[in-house]
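Asks: Coordinates only, no sequence provided:
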Ligand code: B12
Ligand code: SF4
């Protein structure tokens, strides 16, 4: 049966209500056609090699540019956003404490992929039931950071926010501390107006604060210099010239969000599953460096930290311990760091051993560069 416009208008409103009940803060609907500027931007980014070792960004370029091939028959994308910022974690203070570990705020609790996917599936089931009541079939697929989809581009086109100079999707009432997810559907739902205005103005705070100068220009991020890439995606040695700039950031980085004035309007999450596990919001580097592989696997079960893998985990903490040794931390903290590093000096991994050697050489070296929001270290 063909659906009427009023059926679809009503269903779109129901989708917003269901999404809110499922813990999403906002939902917007767009068509599949992408503004060519997004594709041009992606192509330039790939041509410049800014994706580094993230080969999946290059090999699946065509699926990103032509989403019709990803979900044949789909005509609409419902983009959703979910806040993840946990209250009272004092991120800026933590960045100035060289003996503590800084982990991206998104990674403190349960893996968002799992949580959001379940919610998306529930939303899809509700839509399918509503379509069935209208004697209509419903073909759909759900994604959260799990497929070659230009998520920020669609979120922008469905009115959820604008793309900021730091390349984050920003929202006037929520800042940028949220995840984005999508439901591709073949239902002819009404389309929402895109966010056409960019509200960054002349502000360049995010570009200026980046500890590793990863922005080549506004809206241009060379991922190879981004601490998020270096600590999570890359399995290679961290370039020596960037190590001292990383401070105590051992898993991802948030400086370009922490500094953004729009994040004054960010809301904290009410998802208890995003609450910090294993005191990851206030823990000493040496405690994390002590985890053996079994502990790492056990403590990161259902957490996004698993993605880095144990060797990268140790590599990242070794760099942060090296930065502690070059900081104004107490002599006691430094001696504990040296003991911890020496304790792993003969470990199996050449990658980790090399980072440990580098770290030990930093003892009382003058701090070479300022490092973003941890600058006064
Ligand atoms: C690869 C990737 C990374 C890479 C590269 C980041 C990047 N900027 O590209 C690395 C590992 C560095 C990374 C880091 C982070 N990521 Co990431 N990442 C992705 C992923 C998988 C793909 C992004 C992508 O397509 N990059 C390609 C380049 C070309 O895209 P882009 O720079 O964003 O440019 C696009 C638009 O901005 C647009 N554009 C840019 N300028 C302009 C100008 C105009 C006029 C127009 C029209 C368009 C336009 O064109 C491009 C195509 O749309 C997405 C999930 C997904 N499937 O989309 C998550 C995603 C972007 N990441 C996310 C997060 C949370 C992060 C981190 C905050 C994690 C952390 N704390 O460490 C950091 C933030 C760093 C940053 N400033 O971007 C969220 C962002 C949520 C949000 N509010 O924006 C996403 C959407 C995951 C999710 N589902 O929630 N990430
Ligand atoms: S501030 Fe941090 S997250 Fe943002 S681009 Fe620079 S290194 Fe990456």
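Replies: Perfect, thanks for sending it. Remember, it's a predicted structure, so these values are computed and weren't measured experimentally. Ligands and ions are numbered 1, 2, ... in the order given.
Asks: so what are the domain limits for the protein?
Replies: 5-87+108-185, 209-263+275-372 (automatic domain parsing).
Asks: do the longest one and ligand 1 meet?
Replies: Looking back up the chat, that one is domain 5-87+108-185. Yes - shown here: domain 5-87+108-185 in contact with ligand 1 (C-beta under 6 Å from any ligand atom) through 35, 37-38, 41-42, 45, 54, 57, 144-145, 149-153, 163, 166-169, 176, 178-180. No exception for glycine: its C-beta is placed from N, CA and C like everyone else's.
Asks: Could you list which residues are in contact with residue 275?
Replies: With contact taken as C-beta atoms under 8 Å, 6 or more residues apart in numbering, residue 275 is in contact with 86, 108, 109.
Asks: and what of residue 8?
Replies: Contacts of residue 8 (C-beta under 8 Å, 6+ apart): 187, 188, 189, 190.
Asks: quick one: average pLDDT of whichever strand or helix holds it?
Replies: Assigning secondary structure by DSSP states H and E places residue 8 in helix 5-21. Averaged over helix 5-21, pLDDT sits at 97.
Asks: what comes up buried for that helix?
Replies: 7, 8, 11, 12, 15, 16, 18, 19 (16 or more other C-beta atoms under 10 Å).
Asks: Report the central residue of the chain.
Replies: Closest residue to the average C-alpha location of the chain: residue 106 at 6.6 Å, with C-alpha atoms, centre = their mean.
Asks: Residue 122 and residue 24 touch, don't they?
Replies: No - in this structure residue 122 lies outside contact range of residue 24 using C-beta atoms under 8 Å: 10.8 Å.
Asks: Give me the more crowded residue out of the two.
Replies: residue 24 (23 against 15; other C-beta atoms under 10 Å).
Asks: tally of neighbours for the spatially closest residue to the more buried one that is not a sequence neighbour?
Replies: Of all residues not flanking residue 24 in the chain, residue 80 sits nearest, at 4.4 Å (C-beta to C-beta, 6 or more residues apart in numbering). Residues near residue 80, counting by other C-beta under 10 Å, number 29.
Asks: so is residue 80 in a helix, a strand, or just coil?
Replies: strand (DSSP: H, G, I helix; E, B strand; the rest coil).
Asks: List the buried residues of the helix or strand harbouring residue 37.
Replies: Under the criterion of DSSP H and E, residue 37 resides in helix 36-47. Neighbour counts using 16+ other C-beta under 10 Å place 38, 39, 41, 42, 45 of helix 36-47 among the buried residues.
Asks: mind giving me CSV with these and columns for pLDDT?
Replies: Formatted as CSV, the buried residues of helix 36-47 follow (pLDDT from 0 to 100):
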residue, pLDDT
38, 94
39, 95
41, 96
42, 97
45, 98
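Asks: Flag the shaky bits of the stretch 251-377 of the chain, pLDDT-wise.
Replies: 367-370, 376-377 (pLDDT under 70).
Asks: which bits of it sit near ligand 2?
Replies: Checking the stretch 251-377 of the chain against ligand 2 by C-beta under 6 Å from any ligand atom, the hits are 253, 255, 256, 372.
Asks: Now do the contacts for the residue lying closest to residue 227 once chain neighbours are set aside.
Replies: Setting aside the residues directly before and after it, residue 227 is nearest to residue 253 in space (C-beta to C-beta, 6+ apart), at 3.7 Å. Residues near residue 253 by C-beta under 8 Å, 6+ apart: 104, 211, 226, 227, 228, 231, 372.
Asks: Out of the residues of domain 5-87+108-185 next to ligand 1, which sit inside strands?
Replies: 163, 169, 178, 179, 180 (DSSP state E).
Asks: For the fourth one, the count of nearby residues, please.
Replies: By other C-beta under 10 Å, 19 other residues sit near residue 179.
Asks: what secondary structure does residue 28 sit in?
Replies: Note that with three-state DSSP, the state of residue 28 is strand.
Asks: In the stretch 1-150 of the chain, what residue comes closest to ligand 2?
Replies: The nearest approach of the stretch 1-150 of the chain to ligand 2 comes at residue 104, 8.0 Å away (C-beta to the nearest ligand atom).
Asks: List the residues that contact that residue.
Replies: 228, 251, 252, 253, 254.
Asks: follow-up on the earlier one: the residue nearest to the centre of the chain reaches residue 303, doesn't it?
Replies: No - look at residue 106 against residue 303 with C-beta under 8 Å: they stay out of range, at 10.7 Å.
Asks: From residue 170, how far out is residue 182?
Replies: Using C-beta to C-beta, to the nearest Å, we find residue 182 at a distance of 18 Å from residue 170.
Asks: Compute the number of surrounding residues for residue 287.
Replies: That count, for residue 287 with other C-beta under 10 Å as the rule, works out to 15.
Asks: Tell me how far the host helix or strand of it lies from the chain's centre.
Replies: Residue 287 is located in helix 285-289, with elements delineated by DSSP H and E. The chain centre lies 23 Å from the centre of helix 285-289; the measure is C-alpha atoms, centre = their mean, to the nearest Å.
Asks: which other residues reach that helix?
Replies: With C-beta under 8 Å, 6+ apart, helix 285-289 has contacts from 99-101, 248, 250, 313-314, 317-318, 320-321, 324, 336-337, 340-341, 344.
Asks: Out of the residues you listed, name the ones that lie in strands.
Replies: residue 250.
Asks: Show me the contacts of helix 285-289 that map onto helices.
Replies: With DSSP state H as the criterion, helices contain 313, 314, 317, 318, 320, 321, 324, 336, 337, 340, 341 from among the contacts of helix 285-289.
Asks: for the stretch 101-250 of the chain, what spans make up the helices?
Replies: 112-133, 151-157, 205-209, 227-228, 240-243 (DSSP state H, counting those that start in this stretch).
Asks: quick one: the closest residue to ligand 2 within the stretch 51-200 of the chain and residue 203, what's the gap?
Replies: Residue nearest to ligand 2 within the stretch 51-200 of the chain: residue 166 (6.0 Å; C-beta to the nearest ligand atom). Separation of residue 166 from residue 203 (C-beta to C-beta) stands at 10 Å.
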